[in-house]
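Q: Provided below for reference: sequence and predicted model.
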Amino acid sequence: MARTLRVLVQLMGWSCVAIGLFHLALGNAAIPGAAHAGVTIDSWGRFMGAAFAGYGLAWLWAARQRPVPAAAVRLLAGVFLLGGLGRLLSLALNGWPQWFQIVLASLELGLPPIYFWLADADERAFGRADPGAGAGQGAGAAGAAVRTVRS
């Protein structure tokens, strides 16, 4: 489960960075059905693309930690879920969007429970693999020194 979490966190990070840069570069053309939405929406979309790329970098930061921090995974998954709930609110207030937006909403509502379930898998695996991992120990030379002293 820890490996699955690390892979999914990296995949989420790289996907969000790529999608964000795509929106930053293409503006309205990146949004199905919004190619001619106007200058204001283009400006907003490019800004949000940069923000989404930054969100992806936060996922990649979490993926590079050992262990992957459960609190960060839960927070980032919660933000993703909030985006899906925003799409549901839009659906309720404005009706059905372009079909691809429904696919995105399904991902935004379906993936967070998986991340919530797996969030502490790496921390648990790290703790089992390294008995000195408690209380901030277990990383690098400091963790090795503690294990040596305990032996």
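A: Yep, it's here.
Q: helix or strand with the lowest mean pLDDT in the protein?
A: Lowest on mean pLDDT, DSSP states H and E among the helices and strands of the chain sits helix 140-150, with a mean of 37.
Q: which parts of the protein are strands?
A: Along the chain, no stretch is classed among the strands by DSSP state E.
Q: give me the below-cutoff pLDDT ranges for it.
A: For the chain, the stretches flagged by pLDDT under 70 are 128-151.
Q: kindly recompute the last result at 90.
A: The chain contains residues with pLDDT under 90 at 2, 31-37, 98, 126-151.
Q: those helices in it, which residues are they?
A: 2-26, 39-64, 70-94, 99-118, 121-129, 140-150 (DSSP state H).
Q: show me what counts as buried in the shortest one.
A: The reference is to helix 121-129. For helix 121-129, a neighbour-count test (16 or more other C-beta atoms under 10 Å) marks 121-123, 125-126 as buried. C-beta: built from backbone N, CA, C; applies to glycine.
Q: mind putting those in a markdown table, distance to residue 17 included?
A: Listed next are the buried residues of helix 121-129 as a markdown table, based on distance: C-beta to C-beta, whole Å:
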| residue | distance to residue 17 |
| --- | --- |
| 121 | 23 |
| 122 | 21 |
| 123 | 24 |
| 125 | 26 |
| 126 | 25 |
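Q: for those residues, which one is nearest residue 87?
A: residue 121 (27.7 Å; C-beta to C-beta).
Q: how near is that closest one to residue 9?
A: Going from residue 121 to residue 9 by C-beta to C-beta, to the nearest Å gives 10 Å.
Q: before we move on, what about residue 51?
A: From residue 51 across to residue 9, the span is 19 Å (C-beta to C-beta).
Q: now swap in residue 87 and tell me
A: Counting by C-beta to C-beta, the gap from residue 87 to residue 9 is 22 Å.
Q: test my guess that residue 52 contacts residue 20.
A: Yes: with contact defined as C-beta atoms under 8 Å, residue 52 reaches residue 20; the gap is 3.5 Å.
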